[in-house]
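[1] here is a sequence with its predicted model. Questions after.
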Amino acid sequence: MPLRAQEVFVPGSFPRHTYIERPENLEHSLRDAISTPGQIVSLSGPSKSGKTVLVEKVVGRDNLITITGASIESPDEVWNRVLDWMNVPSSTASTDASGWKVGGNVAKEIAVGIPSVAQIKVGGSGEGEKSGGSTETATSQRRGLAQVVAEIAKSDFVILIDDFHYMHRDVQVEVAKSLKEAVRQDLKIVTAAVTHRGDDVVRANPELRGRVLGVNLGYWQSSELRQIAEKGFGMMHAAIPGEFVDKLVAEAAGSPQLMQSLCLQSCFVLDVRIASLIKKSLKVDDATLRRIFEQTSASTDFRSLVDVLDVGPRTRGTERKTYKFKDGGTGDVYRAVLKGVAADPPQLSFQYDELLARTSQVCVDDSPVGSSVTSTCVQMSALSLEKFPSERVVDWDEQKQVFDVPDPLLLFYLRWSGRLEETSS
């Protein structure tokens, strides 16, 4: 059967047809780290940079036990989730039955389920024959780490604790102690976290220093992202303009997951749902490109976060100044800064002077002054930390005077969801 677009471009799982090996020998580094006894592997990288896909490629789907740090509140939950993956029951019951008889042949049938009581059904020849007995039922519970060690220590199985940074700091401390014992007993452990939280496992337990091997991923280069489109569209027998691929690459902003989404939605909009038997040349105008971007933004929903950043902190007394934007809208300095971040060209990091210039460019006539832009960046960073403590959604570095948007999907949402064109509430 011909390939479908959903098989070629896969944003949410392993891209079997469009997997791209990166040139930094990351696969070899990760494979060597995992095979080193007594070590925890700490895999870090930007959000949506392909950390889980890399582990699955190296380990193999059948050997990878993936759990997420979200909602983990104790070390026991880690091992229980591993046992869940292994389909180990939460408890097991075993019955020991014993019986006796006096006289001839006796067939007995013991009804199990009532502790220490046996119901006997007697059959056989001869009168006066008697039989009896008893049963004992024992129930055993899961044994957590000890049971996991008994099952998969020294095997090819690898436990991936994804989004380790989602755990509360206090929980990380206890989990890190448990992980130290786990690798000592020959379990293979990988933790995955965003770049700025990649050292969480060591910070949680400094005794792990020297026992953690770090493997760091960066944002993907344009040439690497371009290979996803070229390889995938080639498999669909679709010839696409090079400038169209360049625009997809720019919008992906270093994220292979976003690049997969953009290519998949391109297939839908351009009606390339099934691989053609002959090569088709496709043309893409600006209106079609915008439709692709808007359709892709539906999978990057950051509304609750952007609502917080757009409104800013509550003010007392003085109303914020309102600015007019070139797209016909209006808003205060918070909306102006977000529009500056979302302006062309797409990028994830902004020096102060550059952000000030971009903010000025989206405004008509009057625009926010430098001190107001700086204050807004400080407040946005604080609000994001307060409302979304497990994620580094935006960050202001006071010393370097740099405003960062580490998640490419957030940047894409700001650019194409239409949220910043809505009337301020």
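    Here it is on my side, so go on. Numbering: from 1, shown residues only.

[2] can I get stretch 232-241 in PDB? Just the C-alpha atoms.
    Output of stretch 232-241 as PDB, limited to C-alpha atoms (Å, rounded to 0.1, in the frame of the first residue of the first chain):
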ATOM      1  CA  GLY A 232       9.700  13.100   3.600                       C
ATOM      2  CA  PHE A 233       8.300  14.900   0.600                       C
ATOM      3  CA  GLY A 234      10.600  12.700  -1.500                       C
ATOM      4  CA  MET A 235       8.900   9.600  -0.100                       C
ATOM      5  CA  MET A 236       5.500  11.200  -1.000                       C
ATOM      6  CA  HIS A 237       6.800  11.800  -4.500                       C
ATOM      7  CA  ALA A 238       6.200  15.500  -4.200                       C
ATOM      8  CA  ALA A 239       8.500  18.100  -5.600                       C
ATOM      9  CA  ILE A 240       8.400  21.200  -3.500                       C
ATOM     10  CA  PRO A 241      10.100  24.600  -4.100                       C
END
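
[3] hmm, who's touching that stretch?
    Here stretch 232-241 makes contact (Cβ atoms under 8 Å, 6 or more residues apart in numbering) with 3, 5, 8-9, 17-18, 229, 263, 266-267, 270, 272, 275-284. Quick note: C-beta positions are derived from backbone N, CA and C, even for glycine.

[4] kindly recompute the last result at 7 Å.
    3, 5, 8-9, 17-18, 263, 267, 272, 275-276, 278-282, 284 (Cβ atoms under 7 Å, 6 or more residues apart in numbering).

[5] among these, which lie within strands?
    Members of the contacts of stretch 232-241 lying in strands (criterion: DSSP state E): 280-281.

[6] which of the contacts of stretch 232-241 are buried? Put it as a PyMOL command.
    Buried members of the contacts of stretch 232-241, defined by 16 or more other Cβ atoms under 10 Å, are picked up in PyMOL with:
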select buried, resi 5+8+9+18+263+267+272+275+282+284
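
[7] show me the strands in the stretch 151-300 of the chain, by range?
    For the stretch 151-300 of the chain, applying DSSP state E, counting those that start in this stretch gives strands covering 158-162, 188-194, 212-216, 238-239, 280-281.

[8] sorry, wrong one. I was asking about the stretch 1-150 of the chain.
    Applying DSSP E, counting those that start in this stretch to the stretch 1-150 of the chain gives strands spanning 40-45, 64-68, 91-102, 130-141.

[9] buried ones in stretch 182-189?
    182-183, 187-189.

[10] got a markdown table for the residues you listed, with distance to Gly418 and pLDDT too?
    Converted to a markdown table, the buried residues of stretch 182-189 look like this (distance: Cβ to Cβ, whole Å; pLDDT from 0 to 100):
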| residue | distance to Gly418 | pLDDT |
| --- | --- | --- |
| Ala182 | 47 | 95 |
| Val183 | 48 | 93 |
| Leu187 | 48 | 96 |
| Lys188 | 45 | 96 |
| Ile189 | 43 | 95 |
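
[11] ok, so of these, who is nearest Gly38?
    Val183 (5.4 Å; Cβ to Cβ).

[12] ok, now which ones touch that closest one?
    38-40, 189, 211.

[13] what's the separation between it and Val149?
    Distance of Val183 to Val149, given as Cβ to Cβ, to the nearest Å: 11 Å.

[14] list residues touching both of those two?
    By Cβ under 7 Å, 6+ apart, no residue touches both Val183 and Val149.

[15] neighbours around the nearest residue to Pro256 once chain neighbours are set aside, how many?
    Nearest non-adjacent residue to Pro256, counting by Cβ to Cβ, 6 or more residues apart in numbering: Gly50, 4.8 Å away. Residue neighbour count, defined by other Cβ atoms under 10 Å, stands at 24 for Gly50.

[16] test my guess that Gly50 contacts Ser255.
    No - under the criterion of Cβ atoms under 7 Å, Gly50 is not in contact with Ser255, lying 8.3 Å apart.

[17] and the two most separated of the buried residues of stretch 182-189?
    Ala182 and Lys188 (9.1 Å).

[18] contacts only, for the nearest residue to Gly12 once chain neighbours are set aside.
    The shortest distance from Gly12 to any non-neighbouring residue, by Cβ to Cβ, 6+ apart, is to Gln257 (7.7 Å). Each residue near Gln257 by Cβ under 7 Å, 6+ apart is listed here: 11, 48, 50.

[19] then Glu174?
    Counting by Cβ under 7 Å, 6+ apart, Glu174 touches 74-75.

[20] kindly reformat the buried residues of stretch 182-189 as CSV containing distance to Lys326.
    Output for the buried residues of stretch 182-189, formatted as CSV (distance: Cβ to Cβ, whole Å):
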residue, distance to Lys326
Ala182, 56
Val183, 56
Leu187, 57
Lys188, 55
Ile189, 52
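
[21] where do the strands sit along the stretch 301-425 of the chain?
    Per DSSP E, counting those that start in this stretch, the stretch 301-425 of the chain carries strands over the ranges 323-324, 330-331, 349-351, 395-397, 402-404.

[22] who touches the third one?
    When you say that, I think you mean strand 349-351. With Cβ under 7 Å, 6+ apart, strand 349-351 has contacts from 341, 401-404.

[23] where in the stretch 151-300 of the chain is pLDDT low?
    Applying pLDDT under 70 to the stretch 151-300 of the chain flags residues 196.

[24] show me where it has its helices.
    169-184, 200-204, 222-235, 242-252, 256-269, 286-296 (DSSP state H, counting those that start in this stretch).

[25] who's in contact with Cys269?
    Just so we're on the same page, residue 269 is Val rather than Cys. 288, 291-292, 295.

[26] now the buried members of these.
    Among the contacts of Val269, those scoring as buried are 291-292, 295 (criterion: 16+ other Cβ under 10 Å).
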